[in-house]
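J.: Sequence first, then the predicted structure, then my questions.
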Amino acid sequence: MTKLYLAIPCYNEEEVLRDSAEKLNNKYNEMMAEGKISPDSKIVFIDDGSKDKTWSTISELHKENPVFQGIKLTRNRGHQNALLCGLMTLKDKADAVISIDADLQDDINVFDEMVEKYENGCDVVYGVRSKRATDTFFKRFTAEAFYKILNKMGAKVIFNHADFRLMSKRALEAFSMYKETNIFLRGMVPLVGYKSDVVKYERAERLAGESKYPLKKMLALAWEGITSLSIQPIRMITWLGAIIFAISLVIIVYSLVRFFIGATVSGWASTLCSIWALGGLQLLAIGVIGEYIGKIYLETKRRPRYIVEEFLED
Ligand code: UDP
Ligand code: MG
């Protein structure tokens with residue numbers, strides 16, 4: 001039977017915590033009764049330096065019912081770091097860990113399906129939103145544009161998957177080899193490999209309280225996603241430089257022709273040529289330097305170059 005842990009990052013979630021805990025506990029009781037998860041499975045809240053009663057609520061819950069556990073960070077480190085802390089702390093205890101937000105916008109009724117897929121050999125099961133009916137138009141539009149731009153930038157993310165996913169112990173073990181400081185979990189998890197699958201669900205509205213992801217944090221996350229997964233922006237500069245330099249060659253020919261047929265004021269041809277040619281060359285040079293910086297950047301991450309899944313020996 002699967003020993004399933006939940007990792008739930010919480011930042012100022014006093015308004016939803018009790019509600020969420022009750023719903024999760026009911027779900028767990030149900031799954032335990034049906035023999036789907038082992039009785040020593042746990043629900044773990046990670047307090048990301050909340051300023052409200054989040055931590056005292058977590059402590060109370062833990063006292064009332066041992067199924068609840070809590071981890072407290074010294075200060076607010078952001079959703080991604082809080083979640084990483086949860087995953088890395090729980091990987092040695094659980095068979096599989098599901099990460100989910102405290103507001104339960106993600107459907108807890110797909111836990112069964114996730115566990116089933118895990119038991120059938122999947123190491124990662126991604127929760128994918130089938131609809132975003134409850135999100136505002138703005139949130140939906142920006143979020144979907146975000147996934148598309150990320151993919152264009154070479155950072156492969158699963159469309160409409162946020163951080164609601166199940167990871168097996170060995171997938172977490174492999175993930176722990178990614179030592180980088182700038183993290184964008186939903187983009188990094190697919191790098192690990194192993195067999196994966198998706199489950200679809202409809203995203204609900206927040207139980208209570210307001211989003212802890214205002215536009216500013218969303219943009220920061222998007223930027224983090226692009227820059228921590230890809231050096232494509234640098235490559236774009238190289239290309240831009242090359243294109244402008246190519247245009248400058250055309251302009252040089254054009255202005256020389258104009259010059260020789262005498263259809264120019266003096267100084268025009270030389271000025272035009274220098275602006276375009278130098279501009280293009282400078283961009284190209286920045287791009288080339290950038291390529292090396294990009295390589296250095298990727299080297300500094302010291303990511304594992306491979307992860308062995310099986311070794312048939314003797
Ligand atoms: N969160 C966190 N630290 C932060 C901001 C958010 O741990 O600095 C948690 C938050 O408590 C919630 C999850 O991240 O469990 C997702 O936040 P939210 O539901 O507000 O984001 P949204 O669903 O609006 O994108
Ligand atoms: Mg939410």
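T.: In hand now; what should we look at? Residues are numbered from 1 along each chain as shown. Ligands and ions are numbered 1, 2, ... in the order given.

J.: pretty sure residue 43 belongs to a strand, no?
T.: Yes. Remark: residue 43 belongs to a strand, assigned using DSSP: H, G, I helix; E, B strand; the rest coil.

J.: Test my guess that it contacts residue 22.
T.: No. Using CB atoms under 8 Å, residue 43 makes no contact with residue 22, being 10.8 Å away. C-beta coordinates here come from the backbone N, C-alpha and C atoms, glycine included.

J.: quick one: which of those two has more around it?
T.: residue 43 (24 against 11; other CB atoms under 10 Å).

J.: Residues in a beta bridge with the more buried one, which ones?
T.: Note on residue 43: beta-bridge partners by DSSP bridges are residue 6, residue 68.

J.: which bits of the stretch 51-200 of the chain sit near ligand 1?
T.: The stretch 51-200 of the chain has residues 76, 78, 79, 82, 101, 102, 103, 105 near ligand 1, with proximity defined as CB under 6 Å from any ligand atom.

J.: Which one of these sits in the busiest neighbourhood?
T.: Neighbour tally across these (other CB under 10 Å): the maximum, 27 neighbours, falls on residue 102.

J.: separation between it and residue 167?
T.: 19 Å (CB to CB, to the nearest Å).

J.: Residue 190 reaches residue 158, doesn't it?
T.: Yes. Assessed by CB under 8 Å, residue 190 is found in contact with residue 158 at 6.7 Å.

J.: which non-adjacent residue is nearest residue 53?
T.: residue 14 (4.4 Å; CB to CB, 6 or more residues apart in numbering).

J.: how about that neighbour, what does it touch?
T.: For residue 14, the contact set (CB atoms under 8 Å, 6 or more residues apart in numbering) comprises 50, 52, 53, 54, 57, 209.

J.: Run through the residues that contact the first one.
T.: The neighbours of residue 50, taking CB under 8 Å, 6+ apart as the test, are 10, 11, 12, 13, 14, 76.

J.: Which ones among those map onto helices?
T.: The helices, defined by DSSP state H, take in residue 14 from these.

J.: now for the strand or helix carrying residue 89, which elements pack on it?
T.: Assigned by DSSP states H and E, residue 89 belongs to helix 79-90. Judged by 3 or more CB pairs under 8 Å, 6 or more residues apart in numbering; DSSP states H and E, the packing partners of helix 79-90 are strand 4-10, strand 42-47, strand 68-72, strand 96-99, strand 161-168, helix 169-175, helix 185-192.

J.: Any chance of those in TSV with mean pLDDT and distance to ligand 2 as columns?
T.: Converted to TSV, the helices and strands packed on helix 79-90 look like this (pLDDT from 0 to 100; distance: least, CB to the ion, whole Å):
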stretch	mean pLDDT	distance to ligand 2
strand 4-10	96	11
strand 42-47	96	15
strand 68-72	96	20
strand 96-99	96	13
strand 161-168	93	9
helix 169-175	95	23
helix 185-192	90	14
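
J.: of all the ones you listed, which lies closest to residue 36?
T.: When the helices and strands packed on helix 79-90 are compared by CB to CB, strand 4-10 sits nearest residue 36, at 8.5 Å.

J.: Check the offset of that closest one from the chain's centre.
T.: 17 Å (CA atoms, centre = their mean, to the nearest Å).

J.: now it and strand 42-47, what's the angle there?
T.: 20 degrees (axes from the mean of the first three to the mean of the last three CA atoms, to 10 degrees).
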